[in-house]
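Colleague: Got a predicted structure plus its sequence, pasted below:
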Protein chains: 4
Amino acid sequence: MSDKSNAKKQLILERSRELFCKNGYQQVTMKDVVEACGISRGGLYLYYNNTHDIFLEVLAMENDGLGDEKDFMSRIPNDASAAKIIGYFLKEEKKEILNKTDSLTVATYEFFFKHFMPAGENPLRKNFDTSVEILGSLILRGIENGELYDVDPRTAARNILFLTEGMKIAARTMDIEKKIIDQQLMYIIDTLMVTE
Amino acid sequence: MSDKSNAKKQLILERSRELFCKNGYQQVTMKDVVEACGISRGGLYLYYNNTHDIFLEVLAMENDGLGDEKDFMSRIPNDASAAKIIGYFLKEEKKEILNKTDSLTVATYEFFFKHFMPAGENPLRKNFDTSVEILGSLILRGIENGELYDVDPRTAARNILFLTEGMKIAARTMDIEKKIIDQQLMYIIDTLMVTE
Amino acid sequence: MSDKSNAKKQLILERSRELFCKNGYQQVTMKDVVEACGISRGGLYLYYNNTHDIFLEVLAMENDGLGDEKDFMSRIPNDASAAKIIGYFLKEEKKEILNKTDSLTVATYEFFFKHFMPAGENPLRKNFDTSVEILGSLILRGIENGELYDVDPRTAARNILFLTEGMKIAARTMDIEKKIIDQQLMYIIDTLMVTE
Amino acid sequence: MSDKSNAKKQLILERSRELFCKNGYQQVTMKDVVEACGISRGGLYLYYNNTHDIFLEVLAMENDGLGDEKDFMSRIPNDASAAKIIGYFLKEEKKEILNKTDSLTVATYEFFFKHFMPAGENPLRKNFDTSVEILGSLILRGIENGELYDVDPRTAARNILFLTEGMKIAARTMDIEKKIIDQQLMYIIDTLMVTE
DNA sequence: CATGAATGAGAGTTCATTCAT
DNA sequence: GATGAATGAACTCTCATTCAT
């Protein structure tokens, strides 16, 4: 594939991403993409045959942007306290929970509602499991340092992740206030951290 | 409205509920409803103008079926331990988390993704807040009894509710195993209950 | 199905027949039918989902119009000479061979080229076999009367039928002159009839 | 035109021939040809502007391959019996009638149905007339030898040719059995040859 | 009230054809 | 010559919605 062709693909993915962020997955039609990209009807089909394929690539692009597990772990200074890092992680999550204009969350849920994938081949699940590993090792370190209570690290990690998923959904379907999110994030830290 | 008319509405809502459970919200068309009900195209429009209206009534019907706060509270024996009741509550939630065939969860999320409603008029939020109240008072009782750790009751309640929401989504988008759900429910109890 | 609905189907079949006669099978689109009938795009789909189905019904209608074997045989006077009847049959075939404006021949061939059907379920073959039977019994009678040479009746019948098929095709693909057709029909009679 | 250019044309014609054999005339698109040849879309248009032109050249190539009248006549030993030669001719025809995978028959019919050509410029008709001449002279020789009945040679030739056309069509639209073809070929010989 | 035929807007998809490189 | 990206016309098909009966 040529550079030009790649550039066009990139354009399509970027414009599609915007559409998915704004309208979710099911609302976006091939026609929408065509119009958003300013290309011809047939032109789009040179690159993608349906929104399903486009979405999967948008999602892959999104995940690429985040870097992988080792990448993340390597950026953490060895001497940083677990609490600090977890705090940083939660702050990032908070942004995502409240970000309703530039997030693929809704589209992603819609996509996987419609195209359910078994765990083995599910990219969402793969991300989740990766996060469990990362967060789990952080928690383990915290426990070893005596900063955190002695809990099962992976279970505690999943607890945090399910909770943030729940808040993402709630923020998008129930109009949950920022204050309530903050309380929850504090609650996590309180239950986890040894406070003398 | 006549009895006959009411019966017809009831039929429409029941059949629509089945469709929403099976296919989600966005997939269901007026045509689907017409066919599922065995009524005429025009006939349906006498009662509902779109799936939006139908869904809202299906949802209202669903909530009516559950009874309201006072109803729930009145069924709890005064001397039941908080832990027991919370355990019961969690068992109910577990059923819902794992129930993928007879649940409106996906359709509900899809609906509110598409038709976002501010907190004040949002029936989902209303339910949530009700649940916070119920669960919050239970937790409060548990704290007063010395069964539970001293936490902010409403915050702890929301923690449980967000967590279960997160697991509902995860079960429907990431193919989460039952075992992991069980671990989480145990984790909640562990973090909340004074043992020893 | 109501009378009105049947009338509409009839209209569709008639207009479609004209289109098939003029343009063959593959050239005719659902859009063509819609326009020829003066109905709406969606309207046509209430009755037929594709030109395949329309064509099969047009063909069935055509065959209904011809009456069946018994019908044909009963119209032949018992004392008519075999030669006379076969002559009549050939005259009819000649009309069909030369009829290029009101005939489904081309469309039919195109249809069965594209949708090949095994003998057992092939309406064209069914017609052919019926014709073999009719023509075969006529020839048999001719032989018994001493009017015709002693040949295998069914084989001779098929000979006539394949020959006329061949001329139909030739007339439509090679621009065969009427004179040549006449010669062939005479040739059949000459080879078959005992001329003292 | 350069050698390279000719080679490209040859490639196009060969691959197109395969497509026409398999799919008929109308089903084959310029896109199909491009893909079958592994050349570029624009590249094809340097040589042919439409499938019409391609098909005509494929057909011309096919006919070139068969050799012409004089060629055929020269291969017949002077002392061969007419019956033997006609028998050979019919055997060849039988092959063609039953050959459904490597034959242009269907495509040819489809082509001339769609693009009807008057006798004067019709290559199919030209072939037909050539065959009438060849077969006619053979029959004439047979008559002169006393091997065949005294019929009009050209008419008898056309009879055979129309019959085989009819069987080609029938084999491709009505699923005619091999046995029936054999009977017909025997029938021709029986009606033509003086026995005893 | 109830029916179901009819409409027309709109999405999907495929290709012949062109054209800048 | 050759490429293949791009265009746009044409067709298929599905529904929400209306309306005469």
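Modeller: Sure thing, it's come through.
Colleague: Residue A:45: what's it in contact with?
Modeller: Taking Cβ atoms under 8 Å, 6 or more residues apart in numbering or on different chains, we find residue A:45 in contact with residue A:30. Any C-beta I mention is one placed from the backbone N, CA and C, and that applies to glycine too.
Colleague: And it, what's its pLDDT?
Modeller: With respect to pLDDT, residue A:45 has a value of 97.
Colleague: How about residue A:196?
Modeller: Residue A:196 is assigned a predicted lDDT (pLDDT) of 58.
Colleague: what does residue A:79 give?
Modeller: Listed pLDDT for residue A:79 reads 70.
Colleague: Over to it. Which of the three states is it?
Modeller: For residue A:79, the assignment made with DSSP: H, G, I helix; E, B strand; the rest coil gives coil.
Colleague: swap in residue A:59?
Modeller: Three-state call for residue A:59 (three-state DSSP): helix.
Colleague: That one contacts residue A:108, doesn't it?
Modeller: Yes - checked against Cβ atoms under 8 Å, the pair residue A:59 and residue A:108 is within contact range at 6.6 Å.
Colleague: which parts of the helix or strand harbouring residue A:170 are buried?
Modeller: In the assignment (DSSP states H and E), residue A:170 maps to helix A:153-173. Applying a neighbour-count criterion of 16 or more other Cβ atoms under 10 Å in any protein chain shown, one finds A:153-173 buried in helix A:153-173.
Colleague: One more: stretch A:123-141?
Modeller: Residues A:123-125, A:127-129, A:131-132, A:134-141 are the ones in stretch A:123-141 that count as buried (16+ other Cβ under 10 Å).
Colleague: Count the neighbours of whichever residue of chain A sits closest to DNA strand F for me.
Modeller: Residue of chain A nearest DNA strand F, by Cβ to the nearest atom of the strand: residue A:42 (1.6 Å). Neighbourhood size, residue A:42 [other Cβ atoms under 10 Å in any protein chain shown]: 8.
Colleague: and it, what element?
Modeller: helix A:41-45.
Colleague: Restricting to C-alpha, output that helix in PDB.
Modeller: Provided in PDB are the C-alpha atoms of helix A:41-45 (Å, rounded to 0.1, in the frame of the first residue of the first chain):
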ATOM      1  CA  ARG A  41     -19.300   7.100  -2.300                       C
ATOM      2  CA  GLY A  42     -17.300   4.500  -4.100                       C
ATOM      3  CA  GLY A  43     -14.000   5.900  -2.900                       C
ATOM      4  CA  LEU A  44     -14.600   4.800   0.700                       C
ATOM      5  CA  TYR A  45     -15.300   1.200  -0.400                       C
END
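Colleague: could you point out which element follows the lowest-mean-pLDDT helix or strand in chain A?
Modeller: Least confident helix or strand of chain A, by mean pLDDT, DSSP states H and E, is helix A:69-74 with a mean of 62. Later in the chain than helix A:69-74, the nearest helix or strand by DSSP H and E is helix A:82-98.
Colleague: Spell out whether the helix or strand following that next one and chain B are in contact.
Modeller: Where DSSP H and E defines the elements, the next helix or strand beyond helix A:82-98 is helix A:105-114. Yes - looking at helix A:105-114 against chain B by Cβ under 8 Å from any Cβ of the partner chain, the contacts come from A:106, A:108, A:109, A:110, A:112, A:113, A:114.
Colleague: Out of these, give me the one that has the most neighbours.
Modeller: Going by other Cβ under 10 Å, residue A:110 tops those with 28 neighbours.
Colleague: Pull the contacting residues for it.
Modeller: A:24, A:25, A:26, B:26, B:110, B:113 are the contacts of residue A:110 under Cβ under 8 Å, 6+ apart.
Colleague: Now the first one: phi and psi?
Modeller: When read as degrees, to the nearest 10, the backbone of residue A:24 gives phi 80, psi -170.
Colleague: now swap in the second one and tell me
Modeller: Backbone torsions of residue A:25, given as degrees, to the nearest 10, read phi -90, psi -50.
Colleague: picking up where we left off before, just the buried residues of stretch A:123-141 now: which is nearest chain D?
Modeller: residue A:123 (31.9 Å; Cβ to the nearest Cβ).
Colleague: what's the nearest residue to the closest one if we skip its chain neighbours?
Modeller: Distance criterion Cβ to Cβ, 6 or more residues apart in numbering or on different chains; nearest residue to residue A:123, sequence neighbours excluded, is residue A:59 at 6.3 Å.
Colleague: For that neighbour, give its distance to residue A:105.
Modeller: According to Cβ to Cβ, to the nearest Å, residue A:59 stands 11 Å off from residue A:105.
Colleague: likewise residue A:4?
Modeller: Relative to residue A:105, residue A:4 is positioned 33 Å away (criterion: Cβ to Cβ).
Colleague: The two: who's more crowded?
Modeller: residue A:105 (20 against 8).
Colleague: That one reaches residue A:93, doesn't it?
Modeller: No - Residue A:105 lies out of contact with residue A:93 (Cβ under 8 Å); the separation is 11.5 Å.
Colleague: Point out where chain A drops to low pLDDT.
Modeller: Scanning chain A for pLDDT under 70 picks out A:1, A:66-78, A:196.
Colleague: Name the residue of it that lies nearest to DNA strand E.
Modeller: Chain A approaches DNA strand E most closely through residue A:42 (2.8 Å), counting by Cβ to the nearest atom of the strand.
Colleague: three-state assignment of the closest residue to residue A:9 other than its chain neighbours?
Modeller: Excluding the flanking residues, the one nearest residue A:9 by Cβ to Cβ, 6+ apart is residue A:47, at 5.5 Å. Put simply, residue A:47 is coil when judged by three-state DSSP.
Colleague: Residue A:47 against residue A:12, yeah?
Modeller: Yes - contact criterion Cβ under 8 Å: residue A:47 and residue A:12 qualify, at 5.8 Å.
Colleague: who's more crowded, those two?
Modeller: Ranked by neighbour count (other Cβ under 10 Å), residue A:47 and residue A:12 place residue A:12 first, with 23 against 20.
Colleague: Helix or strand: which one has the more buried one?
Modeller: Element membership for residue A:12 (DSSP H and E) is helix A:3-23.
Colleague: quick one: is that helix near DNA strand F?
Modeller: Yes - using Cβ under 7 Å from any atom of the strand, helix A:3-23 comes into contact with DNA strand F via A:4, A:5, A:8.
Colleague: neighbouring contacts of the longest helix belonging to chain A?
Modeller: Ordering each helix of chain A by length in residues (DSSP state H) puts helix A:123-145 first. Helix A:123-145 is contacted from outside by A:56, A:59-60, A:63, A:68-69, A:72-73, A:76, A:81-83, A:85-86, A:89, A:108, A:112, A:117, A:119, A:148-151, A:153-154, A:156-158, A:160-161, A:192, B:170, B:173-176, using Cβ under 8 Å, 6+ apart.
Colleague: Can you tell me the centre-most residue of chain A?
Modeller: Of all residues in chain A, the one closest to the mean position by Cα atoms, centre = their mean is residue A:105, 7.0 Å from it.
Colleague: For the residue nearest to that one when sequence neighbours are not counted, give me its contacts.
Modeller: Distances taken as Cβ to Cβ, 6+ apart put residue A:168 closest to residue A:105, at 5.3 Å, once the chain neighbours are dropped. For residue A:168, the contacting residues are A:96, A:97, A:105, by Cβ under 8 Å, 6+ apart.
Colleague: Close to DNA strand F: what parts of chain A are there?
Modeller: Taking Cβ under 7 Å from any atom of the strand as the contact definition, chain A meets DNA strand F at A:1, A:2, A:4, A:5, A:8, A:39, A:40, A:41, A:42, A:43, A:46.
Colleague: make it 6 Å
Modeller: Within reach of DNA strand F by Cβ under 6 Å from any atom of the strand, chain A has these residues: A:2, A:5, A:8, A:39, A:40, A:41, A:42, A:43, A:46.
Colleague: Out of those residues, which are close to chain C?
Modeller: For chain C, no contacts are drawn from these by Cβ under 8 Å from any Cβ.
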